[in-house]
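*Asks:* Any chance you could fold what I've pasted below:
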Amino acid sequence: MDEIKKTQIQLKNKLSDLAKLTDELTLFFTKKYEFLINPVNLILEELYSNSINYGKSEVVQINIVLDVKLDLLTIIYEDNGIAFNPLSAQTKLDLSTSIEESEIGGLGIHLIKSMTDTQFYKRYNDKNQLTLEKKLTQKATNHA
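*Replies:* Model prediction:
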């Protein structure tokens, strides 16, 4: 029978939360799924950075749910920032230019979309909720 795992992580606008996040991911992803630690950490650090820098919330509150079920990873990322759907953001991303020549913005969302299979956004109760799904097939073990 496939393993079913679920955890919840809360972050609150502190740099020390990034170390806590990495620790929580390391504890959550067992040996079978340890290949997910770095990619998921990258995704969540990007989202967390955006929440802190652009969410315009006096006290940032982040709630993350990780759920592994039947070879599907679901990440639910929720923040209390201003309404913002990162999936509909209109940024012109030119991947042919160097980092130094690129305009700021859009790369993180592009990265998140390329590292996950499906993405959903909704706004409810004055919170942004981004749900990301990643299929965990044998091919996925080559790092997300």
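*Asks:* can you count the residues close to Asn63?
*Replies:* 15 (other CB atoms under 10 Å). C-beta coordinates here come from the backbone N, C-alpha and C atoms, glycine included.
*Asks:* Return the distance of the helix or strand that Gln129 is a member of from the chain's centre.
*Replies:* For Gln129, the element it lies in under DSSP states H and E is strand 127-135. Put simply, strand 127-135 sits 7 Å off its chain's centre (CA atoms, centre = their mean, to the nearest Å).
*Asks:* what does stretch 79-86 give?
*Replies:* Here stretch 79-86 is found 14 Å from its chain centre; the criterion is CA atoms, centre = their mean.
*Asks:* average pLDDT for it?
*Replies:* For stretch 79-86, mean pLDDT is 93.
*Asks:* what comes into contact with that stretch?
*Replies:* The contact list for stretch 79-86 (CB atoms under 8 Å, 6 or more residues apart in numbering) reads 47, 50-51, 54-57, 59-63, 109, 112, 121, 123, 126-128, 130.
*Asks:* Now the buried members of the residues you listed.
*Replies:* Among those, those buried by neighbour count (16 or more other CB atoms under 10 Å) are Leu47, Asn50, Ser51, Gly55, Ser57, Val60, Gln61, Ile62, Ile109, Ile112, Asn128, Leu130.
*Asks:* which ones among those residues are found in helices?
*Replies:* Leu47, Asn50, Ser51, Ile109, Ile112 (DSSP state H).
*Asks:* could you list every residue that touches Ile4?
*Replies:* Under the criterion of CB under 8 Å, 6+ apart, the contact list for Ile4 reads Val68, Lys69, Leu70.
*Asks:* who wins for neighbours among the residues you listed?
*Replies:* Ranked by the number of neighbours (other CB under 10 Å), those place Val68 first, at 22 neighbours.
*Asks:* would TSV of the buried ones among the contacts of stretch 79-86 with pLDDT be doable?
*Replies:* Shown next, in TSV, are the buried ones among the contacts of stretch 79-86 (pLDDT from 0 to 100):
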residue	pLDDT
Leu47	93
Asn50	89
Ser51	90
Gly55	88
Ser57	86
Val60	88
Gln61	92
Ile62	94
Ile109	86
Ile112	93
Asn128	97
Leu130	97
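*Asks:* of the residues you listed, closest to Phe35?
*Replies:* The shortest gap between Phe35 and any of the buried ones among the contacts of stretch 79-86 belongs to Ile112, at 17.5 Å (CB to CB).
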